[in-house]
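Q: All I have is the shape, not the residue letters:
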């Protein structure tokens, strides 16, 4: 989404619209913050999978929404089993340090885990000494061990040491998963290290520095009278720094011939009719009907939303790949009528 | 809480204790972050009431927990009616800009609100022009108007102008409530302005820069055998930077003769017996039994928790009143036996 662009338009009697305000903003502001962080992390991770592991660092119900938002934005899986059950998100995880500590020896813990979950499991190797643990892990599970997890220390350097050790032991297909206060910058910093997956917790569920989005919900027009079909009258507040633009908006993402996005186009009034202008209304329509006359008319499986996010991200200019702070990668253009620009 | 101090001790079979891990950490990390921010804001606001208004900037269920955490830490009320219903927290609020905008004129909106809610209501005066709105507000509600809310602009300067205007109109008891991206530093910055209350949203529910606490849940001891009453064996992980201290802990807040806290005292093993040492075990016990043999044995009304937070905060050194970053105001002292220090 880009500055000033309508993400949700509600047409309703005033009291009903006001009742939706807090719930709609809660969902957009919370889930949007997590999804935005997830999208940056998935970008930084390139083709390596990211695992959502942040439940313990956010509210217990927000954790489910965070797992869903992360998956939508490209995460591969979640460690939250309730989110897996509720939304059909793939679940994955590794064992905890407590599992190793409750056994008499690290070897006992590894044997118990491999006996129960098979050799494809992920063994945690940093409870005591990483090198000794990797040796034990391959002795217990064999060279077919699925993965090892490193949760502390210099992750890049440890990953290189562990990769060399695993290769030397013949466990060339054993993957290395790293965890431990990762964010998109730390993930990008590990791009050259032999890492096969990232487990991300705290920074993901707290929006990685941006724990809430700035979505607002504003009255921009009201009916001129109570009569059915009464014309809309634009309204706007003039509060300093918080002024709003009057009028019901539409939004298009303008694309060039190659399908690359070039601008966010916002207009006031009815969306220009597709029929009237041929197939080209000047871009991809960003608003669809979700509810009509109180009935839900749009359903999108989570996997489709995930694909759509990936496609929309792919349309953006290369500057969207920048992880540091910057200006919006698309400018917002206001048009009252797309025909005027032709 | 202070570094290394146990906030929750769970004694249970391994599988049961592990099941509690994520839920317990979610509650402590989320609610603790909000309560910590709230406590700093209440401190900055001194005797002026703070109103929790952050629901729209956090997950819809987290919003209820945030309202509860804020109240516990000293907030006066919440705008979340569901939190009022669930936890008995006083509710309050003002009208929205949309309420003014949906009327033909600001005066119509004020008349409708005062007719419905009485003169003690709070009128929002920054939709169009603050000075004109304040004049209209007093014309409509009279000099007995409860309060006005300012949500934008230079809040300190506007509060001074509005105070002068209200006093000039004879509305000397009409209060001024300010809102708009306030945090503890902005609240402290308004200490000299004629403000009667603060509405706080975004920064409160996102922990004001610290959206999650760093609570962890660690296995520190296990029974030597499955026999009932088997002795505990301390266990600890050695992960770099994440090492833990083995052994079941107790915690006391050491107080001097005036009741001021001087140290967080943590010991390993059983808490020194109060009877054995007279009334003085070296401080205030920080752990109480919540659940015994699966039965809940402790209930504390929210108002009592709120009072307890206020008393505990009052025990802390004056350096706890510092709003900028700093060292912990109490040092953590490890003792294996309080008798050794006597």
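A: Done, it's in. Note that the structure is a prediction, hence the values are computed from the model and not measured.
Q: tell me the helices in chain A, going along the chain?
A: A:14-45, A:62-72, A:81-87, A:97-101, A:106-117, A:130-141, A:155-168, A:184-189, A:202-205, A:302-315 (DSSP state H).
Q: now those as CSV including mean neighbour count?
A: Glycine gets a C-beta too; all of them are placed from N, C-alpha and C. Putting the helices of chain A into CSV (neighbours: other Cβ atoms under 10 Å in any protein chain shown) gives the following:
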stretch, mean neighbour count
helix A:14-45, 21
helix A:62-72, 27
helix A:81-87, 16
helix A:97-101, 22
helix A:106-117, 17
helix A:130-141, 20
helix A:155-168, 18
helix A:184-189, 19
helix A:202-205, 28
helix A:302-315, 14
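Q: could I get those as TSV with distance to residue B:110 and mean pLDDT?
A: Output for the helices of chain A, formatted as TSV (distance: least, Cβ to Cβ, whole Å; pLDDT from 0 to 100):
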stretch	distance to residue B:110	mean pLDDT
helix A:14-45	16	97
helix A:62-72	38	98
helix A:81-87	45	97
helix A:97-101	60	95
helix A:106-117	66	98
helix A:130-141	68	98
helix A:155-168	60	98
helix A:184-189	48	97
helix A:202-205	42	98
helix A:302-315	44	97
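Q: want to try TSV for the ones you listed, with distance to chain B as columns?
A: Listed next are these as TSV, based on distance: least, Cβ to the nearest Cβ, whole Å:
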stretch	distance to chain B
helix A:14-45	4
helix A:62-72	4
helix A:81-87	9
helix A:97-101	4
helix A:106-117	10
helix A:130-141	9
helix A:155-168	9
helix A:184-189	14
helix A:202-205	6
helix A:302-315	18
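Q: where's the residue nearest to residue A:284 when sequence neighbours are not counted relative to chain B, distance?
A: Leaving out its chain neighbours, the residue that sits closest to residue A:284 by Cβ to Cβ, 6 or more residues apart in numbering or on different chains is residue A:253, at 4.6 Å. Note on residue A:253: its distance to chain B, by Cβ to the nearest Cβ, to the nearest Å, is 26 Å.
Q: check contacts around residue A:253.
A: Neighbour list for residue A:253: A:261, A:263-265, A:283-284, A:286, A:312, A:315, A:330 [criterion: Cβ atoms under 8 Å, 6 or more residues apart in numbering or on different chains].
Q: which of these has the weakest pLDDT?
A: Within these, residue A:283 has the lowest pLDDT, namely 84.
Q: was I right about that residue contacting residue A:259?
A: No - counting by Cβ atoms under 8 Å, residue A:283 does not reach residue A:259; the two are 11.0 Å apart.
Q: Show me which of the two is the more surrounded one.
A: More crowded of residue A:283 and residue A:259, by other Cβ atoms under 10 Å in any protein chain shown: residue A:283, with 18 against 10.
Q: What are the phi and psi values at the more buried one?
A: phi 160, psi -170 (degrees, to the nearest 10).
Q: count of neighbours near residue A:322?
A: Residues within reach of residue A:322, counting by other Cβ under 10 Å, total 13.
Q: how much space between the residue lying closest to residue A:76 once chain neighbours are set aside and residue B:103?
A: Using Cβ to Cβ, 6+ apart and skipping residues adjacent in sequence, the residue nearest residue A:76 is residue A:49, 3.6 Å away. Residue A:49 sits 53 Å away from residue B:103, going by Cβ to Cβ, to the nearest Å.
Q: same thing with residue A:169?
A: Counting by Cβ to Cβ - residue A:169 and residue B:103 are separated by 76 Å.
Q: likewise residue A:262?
A: In this view, residue A:262 and residue B:103 are 41 Å apart by Cβ to Cβ.
Q: Then residue A:293?
A: Residue A:293 sits 26 Å away from residue B:103, going by Cβ to Cβ.
Q: Same check on residue A:246?
A: 15 Å.
Q: and if you look at residue A:65?
A: When distance is defined by Cβ to Cβ, residue A:65 is 36 Å away from residue B:103.
Q: Most remote residue from the middle of chain A, which is it?
A: residue A:227 (42.9 Å; Cα atoms, centre = their mean).
Q: ok so, going back, would you mind giving the helices of chain A as TSV with distance to residue B:33 added?
A: Putting the helices of chain A into TSV (distance: least, Cβ to Cβ, whole Å) gives the following:
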stretch	distance to residue B:33
helix A:14-45	14
helix A:62-72	12
helix A:81-87	21
helix A:97-101	24
helix A:106-117	33
helix A:130-141	32
helix A:155-168	26
helix A:184-189	21
helix A:202-205	11
helix A:302-315	28
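Q: closest to residue A:218 out of those helices?
A: Closest to residue A:218 of those is helix A:14-45 (Cβ to Cβ; 9.5 Å).
Q: Check which helices and strands the closest one sits against.
A: Helices and strands touching helix A:14-45, by 3 or more Cβ pairs under 8 Å, 6 or more residues apart in numbering or on different chains; DSSP states H and E, are strand A:50-52, helix A:62-72, helix A:184-189, strand A:197-200, helix A:202-205, helix A:302-315, helix B:62-72, helix B:97-101.
Q: what's the angle from that helix to helix B:62-72?
A: For helix A:14-45 against helix B:62-72, the angle between stretch directions is 100 degrees (axes from the mean of the first three to the mean of the last three Cα atoms, to 10 degrees).
Q: what's the angle between helix A:14-45 and helix A:302-315?
A: Counting by the same axes, to 10 degrees, helix A:14-45 points 70 degrees away from the direction of helix A:302-315.
Q: contacts for stretch A:314-328?
A: Applying Cβ under 8 Å, 6+ apart, the set of residues contacting stretch A:314-328 is A:2-3, A:40, A:43-44, A:184-185, A:188, A:253, A:255, A:259-261, A:284, A:313, A:329-330.
Q: buried stuff in that stretch?
A: For stretch A:314-328, the neighbour count (16 or more other Cβ atoms under 10 Å in any protein chain shown) marks A:315, A:320 as buried.
Q: Distance from the chain centre to stretch A:1-20, please.
A: Distance, stretch centre to chain centre, for stretch A:1-20: 23 Å (Cα atoms, centre = their mean, to the nearest Å).
Q: Show residues contacting it.
A: Stretch A:1-20 has contacts (Cβ under 8 Å, 6+ apart) with A:24, A:28, A:32, A:215, A:217, A:219, A:222, A:245, A:248-251, A:264, A:266, A:286-287, A:328, A:330, A:332, A:334, B:96, B:98-99, B:102.
Q: What's the end-to-end length of it?
A: Taking Cα to Cα, to the nearest Å, stretch A:1-20 runs 21 Å from one end to the other.
Q: okay, which residue is most central for chain A?
A: Compute the mean C-alpha point of chain A, and by Cα atoms, centre = their mean the closest residue is residue A:35, 2.7 Å away.
Q: Please name the spatially closest residue to residue A:217 (chain neighbours excluded).
A: Closest residue to residue A:217 apart from its sequence neighbours, by Cβ to Cβ, 6+ apart: residue A:21 at 4.7 Å.
Q: if I pick that neighbour, what's in contact with it?
A: By Cβ under 8 Å, 6+ apart, residue A:21 lies in contact with A:217, B:56, B:96, B:98.
Q: Can you report how many residues lie near the third one?
A: Taking other Cβ under 10 Å as the neighbour definition, residue B:96 ends up with a count of 17.
Q: Equivalent analysis for residue A:246, please.
A: Counted with other Cβ under 10 Å, residue A:246 comes out at 18.
Q: Show the contacting residues for it.
A: A:220-221, A:234-236, A:268.
Q: that older thread, let me know whether the residue nearest to residue A:76 touches residue A:77 as I believe.
A: Yes - counting by Cβ under 8 Å, residue A:49 touches residue A:77, with 7.2 Å between them.
Q: Name the residues contacting each of these two.
A: With Cβ under 8 Å, 6+ apart, residue A:49 and residue A:77 have no common neighbours.
Q: quick one: the nearest residue to residue A:250 once chain neighbours are set aside and chain B, what's the gap?
A: Among residues not flanking residue A:250 along the chain, residue A:271 sits closest, at 4.1 Å (Cβ to Cβ, 6+ apart). Note on residue A:271: its distance to chain B, by Cβ to the nearest Cβ, is 23 Å.
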